[in-house]
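A.B. asks: using only what follows, build the 3D model:
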Amino acid sequence: MLTARRIYWPPVNLVGPGSVKLVGEEIKKLGTKKALLVSDKVLNKIGVVKQVTDVLDQSGIAYAVFDDVKPNPTTTNVHDGLALYKKENCDFVITVGGGSPQDTGSGIGILATNGGNIADYEGVGKSKNKSVPIVAVSTTAGTAAEVTINYVITDEKRKVKMLMIDPNALPAIAVNDPELMLKKPKDLTAATGLDALTHAIEGYTARGAFELSDAIAFKSIELIGKYLVRAVENGSDLEARSGMSWGSYIAGLCYSNAGLGIVHSMAHQLGGEYDMPHGVANAMLLPYVMEFNMDACPEKFADIARALGVDTSTLTVEEAAEMAVKKVRQLSEKVGIPPLRHSAFQVEDVEKLAEQAMNDACTPANPKDVTKEDIAAIFMKAYNDTPKKG
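C.D. replies: Below is the predicted model of the structure:
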């Protein structure tokens, strides 16, 4: 409470069923002329993009569509999008999707006002100028990239995910409409939901955590614990989708201001090296990093257990902290997240991955000091472990 803080929050936030229908009137307040709408081919094909463009058409807002974004967006995606942005004489960006279109749109927006190569902006606060306005429409309850100052782009040549932490990339308008999330596949719902849970848990335990981030992280964990399984089992359950939408959204507000930790540092390497989906990578690693970190702040891990529905009244703090790890592992198994050994992970890469994770921008916020050897050991424990049932 005795530390001055900058708290970053999108100026306009539209949340809840039907909220995408309000975006046209908010865009008009920006005074812009033409958008580059950034998405991917799957969302375009299944009609999710059309749900947004129908609103734009009704509001008389001009746009061009760029839908070449990959699941792990690349430097090529960003620069190709920027080329179309310039060709079409756009002056703002609309992103439609999960983290991949959101991150690509952030990269395009930063380059439009700062120039150069997107790799120039890896790290913390590297841009000088604020992005063009970004209208970020989320279609998954996971990354919360629509409300954060973070974005991640894969350098194809180095096979490294570059993390940019940049207040200049903060969207002007964030939209979280659970109606856009209905009927998404079970595996996508599970992976993005556990990505959101990772954000909440890492944000709650990060070195940069503070009063506001603690309050919203705890609520996010409660919501995800309550609704994730329901959303996975029934993709048309609007109440569950709404609960997950809120859980993801407020987890994003938390970690964007408090920081993350080595779950993300390690997951970024799995994504960069093996093109592994980010939510799956986080989910595979989360219980093992929690085990490593819990002695640094056992009271907070006990809180996590309570948020996940554990009655801790008869447990010691340490026992409650262990229950938090157990509950997260059970949740991951229940929604079908595979173990690391069933992924593309290669044991011979562990030293390289651990070294790169040490250099990741998320590592300094981890609640416990960590070495390259620690990270390598966590990778190997996750790879070798056979989780117990029950």
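A.B. asks: would you map the helices across the stretch 101-250 of the chain?
C.D. replies: Here the stretch 101-250 of the chain has its helices, by DSSP state H, counting those that start in this stretch, at 186-205, 211-233, 238-258.
A.B. asks: mind putting those in TSV, distance to residue 355 and mean neighbour count included?
C.D. replies: In short, each C-beta sits where N, CA and C put it, glycine included. Output for the helices of the stretch 101-250 of the chain, formatted as TSV (distance: least, Cβ to Cβ, whole Å; neighbours: other Cβ atoms under 10 Å):
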stretch	distance to residue 355	mean neighbour count
helix 186-205	21	27
helix 211-233	29	21
helix 238-258	24	25
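A.B. asks: tell me the pLDDT at the closest residue to residue 327 other than its chain neighbours?
C.D. replies: Distances taken as Cβ to Cβ, 6 or more residues apart in numbering place residue 308 nearest to residue 327, at 4.4 Å, with adjacent residues excluded. On the pLDDT scale, residue 308 is placed at 97.
A.B. asks: hang on, the earlier thing: out of the helices of the stretch 101-250 of the chain, which is closest to residue 167?
C.D. replies: For the helices of the stretch 101-250 of the chain, proximity to residue 167 was assessed by Cβ to Cβ; helix 238-258 is nearest, at 9.4 Å.
A.B. asks: ok so, going back, now tabulate the helices of the stretch 101-250 of the chain in a markdown table and tack on distance to residue 64.
C.D. replies: Shown next, in a markdown table, are the helices of the stretch 101-250 of the chain (distance: least, Cβ to Cβ, whole Å):
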| stretch | distance to residue 64 |
| --- | --- |
| helix 186-205 | 27 |
| helix 211-233 | 33 |
| helix 238-258 | 27 |
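A.B. asks: so who does the residue nearest to the spatial centre of the chain touch?
C.D. replies: Centrality entry for the chain: nearest residue to the mean C-alpha point is residue 143, 2.2 Å, by Cα atoms, centre = their mean. By Cβ atoms under 8 Å, 6 or more residues apart in numbering, the residues touching residue 143 are 98-99, 102, 192, 195-196, 248, 252, 278-279.
A.B. asks: coming back round to it: wait, which of the helices of the stretch 101-250 of the chain is closest to residue 122?
C.D. replies: Per Cβ to Cβ, nearest to residue 122 of the helices of the stretch 101-250 of the chain: helix 238-258, 17.7 Å.
A.B. asks: could I get the helices of the stretch 101-250 of the chain as TSV with mean pLDDT and distance to residue 367?
C.D. replies: Shown next, in TSV, are those (pLDDT from 0 to 100; distance: least, Cβ to Cβ, whole Å):
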stretch	mean pLDDT	distance to residue 367
helix 186-205	96	5
helix 211-233	97	13
helix 238-258	95	11
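A.B. asks: so which of those helices is nearest residue 109?
C.D. replies: Of all the helices of the stretch 101-250 of the chain, helix 238-258 comes closest under Cβ to Cβ, at 16.2 Å.
A.B. asks: distance check, the residue in the chain sticking out farthest from the centre against residue 13.
C.D. replies: Here the centre of the chain is the reference, and by Cα atoms, centre = their mean the most remote residue is residue 314, at 34.9 Å. According to Cβ to Cβ, to the nearest Å, residue 314 stands 40 Å off from residue 13.
A.B. asks: for residue 3, same thing?
C.D. replies: In terms of Cβ to Cβ, residue 3 sits 25 Å off from residue 13.
A.B. asks: dump the residue contacts of the residue nearest to residue 327.
C.D. replies: Taking Cβ under 8 Å, 6+ apart, one finds 221-222, 225, 324, 327-328, 331 in contact with residue 308.
A.B. asks: hmm, back to that, ok but the residue farthest from the centre of the chain is inside a strand, no?
C.D. replies: No. Read with DSSP: H, G, I helix; E, B strand; the rest coil, residue 314 is coil and lies in no strand.
A.B. asks: okay, it: pLDDT?
C.D. replies: pLDDT, read off for residue 314, is 96.
A.B. asks: try residue 207
C.D. replies: Residue 207 is given a pLDDT of 96.
A.B. asks: touching, it and residue 367? I think so.
C.D. replies: Yes. Counting by Cβ atoms under 8 Å, residue 207 does reach residue 367; the two are 6.0 Å apart.
A.B. asks: out of the two, which sits in the more crowded spot?
C.D. replies: More neighbours surround residue 367 than the other of residue 207 and residue 367, with 23 against 14 (other Cβ atoms under 10 Å).
A.B. asks: which residues sit in contact with the nearest residue to the residue nearest to the centre of the chain once chain neighbours are set aside?
C.D. replies: Nearest non-adjacent residue to residue 143, counting by Cβ to Cβ, 6+ apart: residue 99, 3.2 Å away. Counting by Cβ under 8 Å, 6+ apart, residue 99 touches 140, 142-143, 145, 152, 195, 278.
A.B. asks: using PDB, write out every CA atom in stretch 227-241.
C.D. replies: Only the C-alpha atoms of stretch 227-241 are listed here, as PDB (Å, rounded to 0.1, in the frame of the first residue of the first chain):
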ATOM      1  CA  TYR A 227     -17.600 -23.200 -14.400                       C
ATOM      2  CA  LEU A 228     -14.700 -24.800 -16.400                       C
ATOM      3  CA  VAL A 229     -15.900 -28.400 -16.300                       C
ATOM      4  CA  ARG A 230     -19.400 -27.300 -17.200                       C
ATOM      5  CA  ALA A 231     -18.200 -25.300 -20.100                       C
ATOM      6  CA  VAL A 232     -16.100 -28.200 -21.400                       C
ATOM      7  CA  GLU A 233     -18.900 -30.700 -21.000                       C
ATOM      8  CA  ASN A 234     -21.600 -28.500 -22.600                       C
ATOM      9  CA  GLY A 235     -20.300 -25.900 -25.000                       C
ATOM     10  CA  SER A 236     -23.800 -24.400 -25.300                       C
ATOM     11  CA  ASP A 237     -24.100 -23.700 -21.500                       C
ATOM     12  CA  LEU A 238     -24.400 -19.900 -21.600                       C
ATOM     13  CA  GLU A 239     -24.200 -19.500 -17.800                       C
ATOM     14  CA  ALA A 240     -20.900 -21.500 -17.800                       C
ATOM     15  CA  ARG A 241     -19.600 -19.600 -20.800                       C
END
